[in-house]
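[1] coordinates only, sequence not included:
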């Protein structure tokens, strides 16, 4: 397990040599913050970044935002901008924007217009933990990398319907019962289960498990970060801090 990985290592984990590159963020506990951090990472590496969603998300006020029915109808000059967000509609009742269908994003990837597309592909209603429902997540087939996020700041704290989105599904997958303290084996089961954290990840794409909301001085034992055969990389840290990732484990 490495400490404070270099940005080049993180970009390698993300399959950044792929062009175009579509990365989907799923799970709970900081998807939007993770995408903002990834956008910063890719922009600093000289890549052109588009942020969007296949569900609903709050408007990213720190980025230029464009609304359109189909991103492929946008003029060529749009795609030369270093970083921006694009959605299909504004939803005033919720204060959110609606994104595009996976099929629209797959067509955009095939068009050759884009460089890096970052997609929020799951909803969690602000919870730090979740299990996906039958219709979730909503990942385009052209996805090159899935980042499955869990709010690891909940470790050791009681969990239940008030703190976990889709609690009945989470309980069934992890074996947790209401008021149990969140323990590492529960998270391992969530990641390992076919209906768990990586549900719907396309065959062949990179799989990164991000343990978010962990402070740098948190006591993380190597045995906690158990590599599963279907996980390529584990990241641990807090994406709103710098450095965002403080520990990294790669499947050999």
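    That came in fine, so what should we check first? Just so it is clear, the model here is predicted, and its values are computed rather than measured. Residues are numbered from 1 along each chain as shown.
[2] just the helices from the stretch 151-252 of the chain, written as ranges.
    167-174, 184-192 (DSSP state H, counting those that start in this stretch).
[3] indicate which one of the ones you listed is closest to residue 118.
    helix 184-192 (21.5 Å; CB to CB). No exception for glycine: its C-beta is placed from N, CA and C like everyone else's.
[4] run through who's touching the closest one.
    131, 148, 150, 152, 155, 170, 173-176, 180, 196-198, 209, 211, 224, 226, 228, 230-231 (CB atoms under 8 Å, 6 or more residues apart in numbering).
[5] turn the helices of the stretch 151-252 of the chain into JSON lines, columns for distance to residue 73.
    Formatted as JSON lines, the helices of the stretch 151-252 of the chain follow (distance: least, CB to CB, whole Å):
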{"stretch": "helix 167-174", "distance to residue 73": "38"}
{"stretch": "helix 184-192", "distance to residue 73": "39"}
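[6] from residue 116, how far off is residue 7?
    15 Å (CB to CB, to the nearest Å).
[7] so those two - more neighbours on which side?
    A side-by-side neighbour count of residue 7 and residue 116, using other CB atoms under 10 Å, places residue 116 first with 25 against 13.
[8] so what's the more buried one up against?
    20-23, 42, 47-50.
[9] the residues you listed in helices, which ones?
    When DSSP state H is applied, the contacts of residue 116 are split such that residue 42 fall in helices.
[10] residue 197 touches residue 209, doesn't it?
    Yes: here residue 197 reaches residue 209: they are 6.8 Å apart, a contact under CB atoms under 8 Å.
[11] dig out what the nearest residue to residue 159 once chain neighbours are set aside forms beta bridges with.
    Of all residues beyond its chain neighbours, the one nearest residue 159 is residue 182 (4.9 Å), with distances taken as CB to CB, 6 or more residues apart in numbering. Going by DSSP bridges, residue 182 is paired in beta bridges with residue 155.
[12] surely residue 182 touches residue 155?
    Yes: contact criterion CB under 8 Å: residue 182 and residue 155 qualify, at 5.3 Å.
[13] more crowded one of these two?
    residue 182 (23 against 20).
[14] give me the distance between the more buried one and residue 112.
    Distance of residue 182 to residue 112, computed by CB to CB: 44 Å.
[15] again, but for residue 188
    From residue 188 across to residue 112, the span is 40 Å (CB to CB).
[16] settle it for me: which of these two has more neighbours?
    Taking neighbours as other CB under 10 Å, residue 188 and residue 112 compare with residue 188 leading, 17 against 10.
[17] okay, that one: pLDDT?
    We have a pLDDT of 93 for residue 188.
[18] can you tell me how far residue 24 is from residue 178?
    30 Å.
[19] who has more neighbours out of these two?
    Taking neighbours as other CB under 10 Å, residue 24 and residue 178 compare with residue 24 leading, 31 against 13.
[20] residue contacts, that one?
    Shown in contact with residue 24 (CB under 8 Å, 6+ apart): 54, 119-121, 137, 139-140, 143, 145-147.
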